[in-house]
Structure formats: C-alpha cells, structure tokens
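S.K.: Quick one, fold the following:
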Amino acid sequence: MTAPLAGKIALVTGASRGIGRGIALQLGQAGATVFITGRAPAKSFAASHADFAHLPSLEQTKKGEFWARGGKAVALYCDHSDAKEIEQLFKKIDGQTQGRLDILVNNAFSAVSELNNTGGKPFYELDPSIWDAVNNVGLRNHYYCAVYAKSGLVVNVSSLGGLTYAINVAYGCGKAALDRMAADMAEELKGTGVSVVSLWPAAVKTEASKIFITSGKTAEAFKGPADVITETLVTGESTEFAGKCVIARKTGKVLMTGDVARGYGFKDVDDRLPMDSRSLKIALRFLGWRRLAAWIPAWVRIPLPFMHFAAYKFTLCFRRMTRVSPTLHGKIALVTGASRGIGRGIALQLGQAGATVYITGRQPAESMQSHLCWITTVTRADEERDVIEASMKHGESTEFAGKCIAHLGADPKVNRKSGKVLFTSDIARHYGFKDVDGEVPMDMRSLSLALEFIGWDRLACIIPSFMKVPLMRMHFSTYKFE
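M.R.: Numbering: from 1, shown residues only. Now for the predicted structure:
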C-alpha cells in the first residue's frame, strides 16, 4: 500500500516530546520526510528539571521510533523564541529541499513549567512576563514560521482554551489568537492553494499532562473538579492521534481531533476513540452537574453552534438610561498613547468629567507620524473612494470613545458588562449622548453601510438607516468550526 504522504516534506516544531513528537511520528509513518525541531539539550525543559531528565530528546525521537517505523527525520535545533534562529531554520530547510515545504505544523510551546507554577492565580497576581513566556513561542513564533513557510498546509496546534477560559489569561489569549490567525491567513491566501487550519486536540496523555496530575494542581489550573480533569487527562488521546488528523480539508477553520477521526473513520494508535471534546456528559461533569450527567448517554454531543456560543462576546443594552452627565471627580485614570488620536480624545473627555488623568506617549524623538490605511472589498476605485469619504465624514470624533468610557466609569452597574465587547454607538444610545459636535456618528452596526461597503449599493439604498446588523449575526461572522 502506497504511503499517503510519500514524497512530501513536513516541518513539525517542538517535536522532542508530547503532541509534536506524536505528530512527527505519524507523518513519518505516512511517508513524509519530516524536519523536527526542539531546543538544544542544554536549553531544554528536561535540562532544567531533574525530575524529568528521562523525557525523550530530539535526537532520541529521530533515532528511536522514527527509524523503527522506517520514517525519515531530520533533527534541527532551534530556539523558537529567537527570530533570527527561526529565519535560519527555514534557510537550512530551503537549502536541503530546494525551497519546498508541503506541511508546517506549528506546535512549539515552551511554557509548560510556567503554567504549572501559576497555581490557578489570577493574572493580576502573576508577573506580566508570563505573557511572553506563554506567547513568544506559543504564538509569535507560529506567525513567523507561517510567513517563512508559504507551504501547502499550515496547522496551528491550538486548544479549547481558544473558546473558553482555561489555565490563565495569557494562555487563553494565545490560543484564541492562533484560531484567529488561521481564519485571517486563510482569507489572504484564497486562490493560492495554501490551507491554514487550527487543530484542537482533546485531553492528551503527554508528559505535560503528567506534570499537572503529579503536581496536584489540576483543579486550580483548569478551574474544574480535580477528579474529572484527572480522568480526562488519563484517558485522553495518545500523542500520535493529532498526527493522524493533520489533513488539508478546510482552510481557516478549527478542526477538533475527534471530529476529524469520525469523518475519516480512524481510531487512536491503541485502537480506541479517545475522550470526545464535544461530549455533553463530560461537559456537565466538568461543570459539577454530576446527577444530570449520569442520565446523559455517552454518545450525545454538543452541537458546534452551541460551542460557538461559549465564546459569545457581545452585550445588549436593553434599556436606555436617563441622560446624565458622567461625574468622575476623585477618580484616577491612565490613558496610554494619548499624544493624539483616540487616546487624546479619551483623555480629554475623562478630564472633562472630573478625573485626574495620567497620559503617556513616546519621547518626541521616537514619535512617528500616523498613517491611515483603509482596506475594502469594493473593486471599483470610485465606489471605494465614496465609501471611505462617507465613513470619514460621518465617523466619530476622537473624543467620542472618551465620552463612552466616562459614562461607563461613572456607572455603578458597569460590572454587568464585564468581559464583553461594547460598540461605541450602542453605549451612546444606552446612556443617551451624542458626539462632541452634537451629531450621531456612523453606526458600526448599520446594515445599509455594511451593504454599501461590500458593494451592494442598490440594496443598501432601500434599507432604512435605523436598521442594524443583529449582534447574533455579527457573532456568527466569526464562526470557526468545520
């Protein structure tokens, strides 16, 4: 039987162990020549943690099971936090493959120890450097690699943390950004034949999962019942299951390993179907609804649209409040980047409302002139110009956002809106105010403007100006599942 990836060239970053190692093994077994990367031994995770010195190394991955399965692997050391090393990595691969790379798997991640040590602490109790520890390699590096690769298939290894809270803020932001990266790159790659997907493994039996279990911090890290979390980690996927799922089927979407396995009719390397990320029974147990979960059959799955609603981020203002001027006397505010533009406008409005405002900006010698760039999908130059001119003419002043923030800051019930995305136009209607020039600015949710922007001028002409794009429809414009 012909190997399905025979003759293909693949790169799997962070392949010393864990999911990266499993993916590399499966790609090699399928016939691909696989370049695998990891940190040099002296910089590796195992080198700084004596208890984990037994973990497999990059060389062991190459010379062990790869050779035993007849796979072809090329091991290259790379510190994926170093932009120059990333660039040199791709130059080396280009030199050996004449510029060819068919599959890139963005898997490198270097913050296992840092995440384990956070102990469920909120972001404001952690050193801000946790952001760089998680996302320099886990996000920034993935972008760099995708730029250099220009390959036929780019796979970002993400997780459920891109949809709902998991571990900490830095982790969730990174995973959500990976999913967004796949969607936006797919938009710019239309017609090129290059696919970008975000792959969500479920609970995986990696060395990292063992670290969480042995540390006894699973409940703190994942904000759920320790026994349920431990069970899902122990009975989860093998590290190679994700490797079986690396496919070029849809671009710009999130693919769950369980869905891919069902769609293509394969099982894990131990001939079983691992825990399902969409299992309603497990979700209810995780939320603490054990009695209800006991009545739910194991085969009942959460519909994908329902999972999408877990990330619903908009809020409605159902009742217009009595118009009052916000009072921020005695309040202290900080507005960063307030030299000009929206930052300056916000600072002025907060100060006008009575707050003491600290404003920041770069030193004069370091400042730069602002440049405005518009990107539209309108193809005719005259229509594009008209849309932009109309938007600028009826747009918000730089102080409009400041009025919004001043009203929010003076609202004792603002906590009800915590965690949501707020449109300035919706806030203005809710609190009953207009822009500083007495006008009502262009509404970001205007249906007629949206239709005009995408070139449907005739239809836009018959749509009343008061009609707005429903928030639900805006939410589904970001639908990311396949």
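
S.K.: State the distance from the residue nearest to Gly354 when sequence neighbours are not counted to Gly402.
M.R.: In space, and not counting its chain neighbours, Gly354 is closest to His329: 3.7 Å by Cβ to Cβ, 6 or more residues apart in numbering. From N, CA and C alone the C-beta is placed, and that goes for glycine too. His329 sits 16 Å away from Gly402, going by Cβ to Cβ, to the nearest Å.

S.K.: Which one's more surrounded, the two?
M.R.: Gly402 (26 against 9; other Cβ atoms under 10 Å).

S.K.: which SSE is that one in?
M.R.: helix 400-410 (DSSP states H and E).

S.K.: Do a quick rundown of the strands in the chain.
M.R.: Taking DSSP state E as the criterion, the chain carries its strands at 9-12, 33-38, 72-77, 103-106, 153-157, 195-200, 254-256, 332-335, 356-359.

S.K.: With Tyr143 as the reference, name the closest of these.
M.R.: strand 103-106 (8.7 Å; Cβ to Cβ).

S.K.: what does the closest one contact?
M.R.: With contact meaning Cβ atoms under 8 Å, 6 or more residues apart in numbering, strand 103-106 is reached by 5, 8-13, 20, 23-24, 27, 32, 141-142, 145-146, 149, 151-157, 178, 246.

S.K.: in its sheet, what does it sit against?
M.R.: strand 9-12 (parallel), strand 153-157 (parallel) (DSSP bridges).

S.K.: looking at the ones you listed, which is buried most?
M.R.: strand 9-12 (a mean of 28; mean count of other Cβ atoms under 10 Å).

S.K.: and it, average pLDDT?
M.R.: The average pLDDT for strand 9-12 rounds to 92.

S.K.: what about that strand, distance to the chain center?
M.R.: 22 Å (Cα atoms, centre = their mean, to the nearest Å).

S.K.: Use 6 as the first number for this chain going forward.
M.R.: All set: I'll call the first residue 6, so the last point we hit is now strand 14-17.

S.K.: Now it - C-alpha only, CSV.
M.R.: Listed next in CSV are the C-alpha coordinates belonging to strand 14-17 (Å, rounded to 0.1, in the frame of the first residue of the first chain):
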residue,chain,number,x,y,z
ILE,A,14,8.3,17.4,3.1
ALA,A,15,7.0,18.4,6.5
LEU,A,16,8.2,20.5,9.4
VAL,A,17,7.0,19.9,12.9
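
S.K.: Touching it from outside, list them.
M.R.: 25, 28-29, 32, 37-42, 98, 102, 105-110, 112, 150, 154, 156.

S.K.: Would you mind checking those for buried ones?
M.R.: 25, 28-29, 32, 37-42, 98, 106-110, 112, 150, 154, 156 (16 or more other Cβ atoms under 10 Å).

S.K.: related to what we said a few turns ago, nearest to Ile351, of the strands of the chain?
M.R.: Of those, the one closest to Ile351 (Cβ to Cβ) turns out to be strand 337-340, at 5.3 Å.

S.K.: Packing partners of the closest one?
M.R.: helix 346-357, strand 361-364 (3 or more Cβ pairs under 8 Å, 6 or more residues apart in numbering; DSSP states H and E).

S.K.: Kindly compare burial across those and name the winner.
M.R.: By mean count of other Cβ under 10 Å, those have helix 346-357 as the most buried, with a mean of 20.

S.K.: Centre of the chain to that one, how far?
M.R.: 31 Å.

S.K.: sorry, back to before: could the strands paired with strand 108-111 go into a markdown table alongside distance to Glu444?
M.R.: Formatted as a markdown table, these follow (distance: least, Cβ to Cβ, whole Å):
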| stretch | distance to Glu444 |
| --- | --- |
| strand 14-17 | 54 |
| strand 158-162 | 43 |
